[in-house]
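Visitor: Okay, here's the prediction I keep looking at, along with the sequence it came from:
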Amino acid sequence: MLWLVLAVAVPAAAAGAPPLPSAIVPSRAIGPFHLGMTPQQFEVARRIAPCGGTVQAAFEQRRVVRLETNCGGAYRTETRITVGMDPSRMLRIFGTPDRIASSYTGSTRGEWLQYLRFGIAFRVVYADMGYGLIQAIAVFPGTAPWEAPADNVSPEGPPEPPPGLN
């Protein structure tokens, strides 16, 4: 009898449930950090969140308008993309970025791959040998309503990277 109750309750809760505390939700949140928070709410979340000190916020009119994390493993998208991965899965799921912005730190070449319509960006840094690694993930208000892209990961491997990712 208990099994039947759990089997019925889990899908019902999942349908309207808030995102997991570790979820990166484009146009919305990184874990317990949400767009629209006040500075005080952000500081409370920072004290209790995993890797709280590695989540940065930009504020306008005393509200969070952009969040960014470089903490690998603590936060991930619903399609299992996290800091520390190579960008192939991100490219398969999200496709060609709307904008690519160069982002150098010292001698390390990096690029922000921005999906403006989804409200998410990935900073990819490149090793001397040419391969990339997701170094940070940011969320901000998107230009279109958020819908999770299809997880169209195929066994054939990633598509060719867009121009500028070489």
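Guide: Nice, I can see it.
Visitor: Beyond the helix or strand of the chain at the bottom of the mean pLDDT ranking, next helix or strand please.
Guide: Every helix and strand in the chain was compared by mean pLDDT, DSSP states H and E; the lowest is helix 2-16, with a mean of 35. Downstream of helix 2-16, the next assigned helix or strand under DSSP states H and E is strand 23-25.
Visitor: so what secondary structure elements neighbour that next one?
Guide: Counting by 3 or more C-beta pairs under 8 Å, 6 or more residues apart in numbering; DSSP states H and E, the packing neighbours recorded for strand 23-25 are strand 76-77, strand 132-139. Where C-beta positions appear, they are placed from N, C-alpha and C, glycine not excepted.
Visitor: hmm, try it at 6 Å
Guide: Packed against strand 23-25 by the contact rule (3 or more C-beta pairs under 6 Å, 6 or more residues apart in numbering; DSSP states H and E) you find no helix or strand.
Visitor: next one: that strand to chain centre, how far?
Guide: Distance, stretch centre to chain centre, for strand 23-25: 6 Å (C-alpha atoms, centre = their mean, to the nearest Å).
Visitor: try stretch 125-139
Guide: With C-alpha atoms, centre = their mean, you get 14 Å for stretch 125-139.
Visitor: Can you give me the end-to-end span of that stretch?
Guide: Stretch 125-139 has its terminal residues 18 Å apart, counting by C-alpha to C-alpha, to the nearest Å.
Visitor: before we move on, what about stretch 53-68?
Guide: Termini of stretch 53-68 sit 11 Å apart (C-alpha to C-alpha).
Visitor: same question, stretch 69-83
Guide: One end of stretch 69-83 sits 8 Å from the other (C-alpha to C-alpha).
Visitor: Please compute how far that stretch lies from its chain's middle.
Guide: Distance, centroid of stretch 69-83 to centroid of chain: 6 Å (C-alpha atoms, centre = their mean).
Visitor: Mind listing residues that contact it?
Guide: 22, 24, 30-31, 50-51, 54-55, 84, 89-90, 93, 134, 136-137, 148, 151 (C-beta atoms under 6 Å, 6 or more residues apart in numbering).
Visitor: Spell out the residue ranges of the helices in this structure.
Guide: 2-16, 39-48, 88-94 (DSSP state H).
Visitor: so where's the chain shaky on pLDDT?
Guide: 1-20, 129-130, 146, 148-166 (pLDDT under 70).
Visitor: Distance of the closest residue to Ala23 other than its chain neighbours relative to Leu91?
Guide: Closest residue to Ala23 apart from its sequence neighbours, by C-beta to C-beta, 6 or more residues apart in numbering: Glu78 at 6.3 Å. According to C-beta to C-beta, to the nearest Å, Glu78 and Leu91 sit 17 Å apart.
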